[in-house]
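Participant: Give me a 3D structure for the following:
(2 chains)
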Amino acid sequence: MAIQPAKFHNGSLAESWRIQRRIIWALVLREILTRYGRHNIGFLWLFVEPMLFTVGVTALWTATKAVHGSSLPIVAFAVTGYSSVLLWRNMPARCIMAMEPNFGLLYHRNVRPIDIYLSRLLLEAAGAGISFVVLTLFFHFVGWLEFPEDILEVIAAWLMLAWMGTGLALFIGSLSEFSEMVEKLWHPFQYLLFPLSGAAFLVDALPPQAQQFVLILPMVHGVEMLREGYFGSQMVAHYSLGYMAVFNAVLTLLGLAQVRKVSMTLELE
Amino acid sequence: MIRLHNINKNYLTRSGPVRVLRDVNLAVERGERIGILGRNGAGKSTLIRLVSGAELPTSGIVERSMSVSWPLAFGGAFQGSLTGLDNLRVICRIYGVSASDRIDFVEDFSELGVYLREPVKTYSSGMRARLAFAISMVIDFDCFLIDEIVAVGDARFHAKCNHELFVNRGDRAMIIVSHDANYIREHCSRAAVLVDGELHHSDGLDEAFAFYDRATALAA
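Facilitator: Next comes the predicted model:
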């Protein structure tokens, strides 16, 4: 057996970046295998699962003729709304208590807690993103949904939501390593957040006082922007990109600081 | 070489921080084999995890100027839901080497047969140990960290492991932690003793063993 020795790394930035990419990719592939395995449709579950959720909600809202305060088609409304919920709700959920099942991998020096988080987040975002694109294409094909009016705005809004999901996930996930309460509280919290998140209403349809209140939540800004990108000519969007960016940045900083604390105090077994 | 400067390590417990290592200094040259003796709970595994870089010290500096393995032990470090083969692939990806030309070695060395393609959670502890050791030998390092590797395995497999480690890799540096003085005597050129988180260096192997005996007798 010809063995190449493990290289000793000089610690330059380029070298570190190369290792970083290698580790995250290794973890992504590992995660796909442990989560979806090689049975039935395998890794396709990555986006089939969120797709089923979105289709289910779309069907439910269509059947009940959900009152969302506008004349927008319900399919367009549900796809844009639920695709954004997937980001801020599932990303943190995947990062809660993420260390323990990965103790085996953390024995390898280059695998750090941030790598575990980032690989899971990358997968979660990819799943939500692919599901969003596939559903848009599918519903367009069957004639229930127009293509977005401004695709760049849609992409920007989606990235803002993914960024928010990342910051929130890093923060909640690493906090859960220090207190089991976090896991217990996150479930009711995200459940209660759902009706306020903008997924099921347009801000413009709310009374002004309620508008002020819901616009405290950063994801509402993201969904409004996403919908403006989709069908801006049929609605009045209320959002501030700057507000959401500041909120995201603060969340990300808090998250990274907390992840560092996890790294420093990591105890394997 | 590997150098530890004034390493302290605290673990957080419900009743506040507990210091498991205090002011540990250690230097290991290329090709040198050093044994670290200690009773259960002396901080041996913690020390080896700090040297490997899997855990970080509360204070102090760990310097590495050669490639260092992960702590090799007969267990852990596996994903139970994955097959032995997939576990090998994950490790190879992490270290950036190709898995395909290593499968034969692992298949041959671990003697797992068709079980290499079954989930690790279905393995017996002996099978796990064989897989763990075989995968550990797949990546080459300048320095191997060995944690109580004498613990498991039948005599024949044990001999095979010793050959792979101490003959085929006889020119590598090694840090071996164990509570077994004989194992250290057999394989190391130098030994240090860990007592209650403090590392005591001795001039020779015999001095180290004498110190270990006194420390053990004192505690008993």
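
Participant: Can you check which helix is longest in the chain?
Facilitator: You didn't pick a chain, so chain A it is. When chain A is parsed with DSSP state H, its longest helix is helix A:113-141.

Participant: my question was about chain B
Facilitator: helix B:205-219.

Participant: Residues in contact with it: which ones?
Facilitator: B:35, B:37, B:39, B:181, B:184-185, B:188-193, B:195, B:200, B:202 (C-beta atoms under 8 Å, 6 or more residues apart in numbering or on different chains). Every residue, glycine included, has its C-beta placed from N, CA and C.

Participant: in the stretch 151-269 of chain A, which spans are helices?
Facilitator: A:151-176, A:181-193, A:208-214, A:218-231, A:241-265 (DSSP state H, counting those that start in this stretch).

Participant: looking at those, which is closest to chain B?
Facilitator: Within the helices of the stretch 151-269 of chain A, the stretch nearest chain B is helix A:241-265; the backing value is 5.6 Å (C-beta to the nearest C-beta).

Participant: Residues touching that closest one, excluding its own?
Facilitator: So helix A:241-265 is contacted by A:99, A:112-114, A:117, A:160, A:163-164, A:166-171, A:173-175, A:177-178, A:215, A:218, A:221-222, A:225, B:12, B:56 (C-beta under 8 Å, 6+ apart).

Participant: Just the buried ones from those?
Facilitator: A:99, A:112-114, A:117, A:160, A:163-164, A:166-171, A:173-175, A:177, A:215, A:218, A:221-222, A:225 (16 or more other C-beta atoms under 10 Å in any protein chain shown).

Participant: hmm, back to that, and the longest helix of chain A, does that touch chain B?
Facilitator: No. Using C-beta under 8 Å from any C-beta of the partner chain, we find that helix A:113-141 stays clear of chain B, coming within 9.7 Å at best.

Participant: pull the CA atoms of the longest helix of chain B into CSV?
Facilitator: Once non-C-alpha atoms are left out, helix B:205-219 reads as follows in CSV (Å, rounded to 0.1, in the frame of the first residue of the first chain):
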residue,chain,number,x,y,z
LEU,B,205,13.0,4.7,32.5
ASP,B,206,13.8,3.0,35.8
GLU,B,207,13.6,6.2,37.8
ALA,B,208,10.2,6.9,36.2
PHE,B,209,8.9,3.4,37.1
ALA,B,210,10.2,3.8,40.7
PHE,B,211,8.4,7.1,41.0
TYR,B,212,5.2,5.6,39.5
ASP,B,213,5.3,2.7,42.0
ARG,B,214,5.8,5.1,44.9
ALA,B,215,3.0,7.4,43.7
THR,B,216,0.7,4.4,43.2
ALA,B,217,1.5,2.9,46.6
LEU,B,218,1.0,6.2,48.2
ALA,B,219,-2.5,6.6,46.8
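
Participant: Buried residues, it. List them.
Facilitator: For helix B:205-219, using 16+ other C-beta under 10 Å, the buried residues are B:205, B:208, B:209, B:211, B:212, B:215, B:216.

Participant: What separation do you get for residue B:96 and chain A?
Facilitator: Per C-beta to the nearest C-beta, to the nearest Å, residue B:96 is found 5 Å from chain A.

Participant: check contacts around the residue of the stretch 51-200 of chain A found nearest chain B.
Facilitator: Residue of the stretch 51-200 of chain A nearest chain B, by C-beta to the nearest C-beta: residue A:109 (3.6 Å). Going by C-beta under 8 Å, 6+ apart, residue A:109 touches B:52, B:53, B:54, B:68, B:70.

Participant: List the neighbours of stretch A:27-40 that are in contact with it.
Facilitator: By C-beta under 8 Å, 6+ apart, stretch A:27-40 touches A:42-46, A:105, A:111, A:115-116, A:119-120, A:122-123, B:79, B:81-82, B:86, B:90, B:93.

Participant: actually stretch A:44-63, sorry about that
Facilitator: A:32, A:35-36, A:41, A:66, A:68, A:74-75, A:77-79, A:81-83, A:86, A:90, A:123, A:126-132, A:134-135, A:200.

Participant: Buried only: go through those for me.
Facilitator: With burial judged by 16+ other C-beta under 10 Å, the buried subset of the contacts of stretch A:44-63 is A:32, A:36, A:68, A:74-75, A:77-79, A:81-83, A:86, A:90, A:123, A:127-132, A:135, A:200.

Participant: Show me what from chain B comes close to chain A.
Facilitator: Counting by C-beta under 8 Å from any C-beta, the residues of chain B near chain A are B:11-12, B:49, B:52-56, B:64-71, B:76-79, B:81-82, B:86, B:90-91, B:93-97, B:101-102, B:104-105, B:138-142.

Participant: Select the helix or strand of chain A having the lowest average pLDDT value.
Facilitator: helix A:45-63 (a mean of 86; mean pLDDT, DSSP states H and E).

Participant: Tell me the buried residues in that one?
Facilitator: Within helix A:45-63, the residues that count as buried by 16+ other C-beta under 10 Å are A:45-51, A:53-55, A:57-58, A:61.

Participant: any idea how far the most centrally placed residue in chain A is from residue B:122?
Facilitator: Geometric centre of chain A, nearest residue: residue A:87, 2.6 Å, by C-alpha atoms, centre = their mean. The spacing between residue A:87 and residue B:122, counted by C-beta to C-beta, to the nearest Å, is 37 Å.

Participant: per-residue confidence for the residue of the stretch 51-200 of chain A closest to chain B?
Facilitator: Reading off the confidence values, residue A:109 has pLDDT 92.

Participant: And it, its phi and psi?
Facilitator: The phi/psi pair for residue A:109 (degrees, to the nearest 10) reads phi -50, psi -40.

Participant: where does residue B:174 fall, helix, sheet strand or coil?
Facilitator: What DSSP: H, G, I helix; E, B strand; the rest coil gives for residue B:174 is strand.

Participant: Please enumerate the strands of chain B.
Facilitator: Remark: strands assigned in chain B by DSSP state E are B:2-13, B:16-28, B:33-38, B:59-64, B:68-72, B:143-147, B:173-178, B:190-195, B:198-201.

Participant: hmm, back to that, sitting in helices, which of the residues of chain B next to chain A do you find?
Facilitator: Of the residues of chain B next to chain A, the ones assigned to helices by DSSP H are B:49, B:52, B:86, B:90, B:91, B:93, B:94, B:95, B:104, B:105.

Participant: between those residues, which is nearest chain A?
Facilitator: For these, the nearest to chain A is residue B:93 (3.5 Å; C-beta to the nearest C-beta).

Participant: Skip the chain neighbours and tell me the closest residue to that closest one.
Facilitator: Once flanking residues are discounted, residue B:93 sits nearest to residue A:26: 3.5 Å by C-beta to C-beta, 6 or more residues apart in numbering or on different chains.

Participant: any low-confidence regions in the chain?
Facilitator: I went with chain A, as the question did not name one. Per-residue confidence for chain A (pLDDT under 70) gives these ranges: A:1-10, A:66-71.

Participant: think we crossed wires, I meant chain B
Facilitator: The model of chain B has pLDDT under 70 over residues B:74-76, B:149-153, B:220.

Participant: So which residue is smack in the middle of it?
Facilitator: residue B:146 (2.1 Å).

Participant: what are the bridge partners for the nearest residue to it once chain neighbours are set aside, then?
Facilitator: Spatially, and ignoring its direct neighbours in sequence, residue B:146 is nearest to residue B:176 (4.5 Å; C-beta to C-beta, 6+ apart). Counting by DSSP bridges, residue B:176 forms beta bridges with residue B:35, residue B:146.

Participant: can you pull the contacts of residue B:176?
Facilitator: So residue B:176 contacts B:33, B:34, B:35, B:36, B:146, B:149, B:183, B:184, B:187, B:188 (C-beta under 8 Å, 6+ apart).
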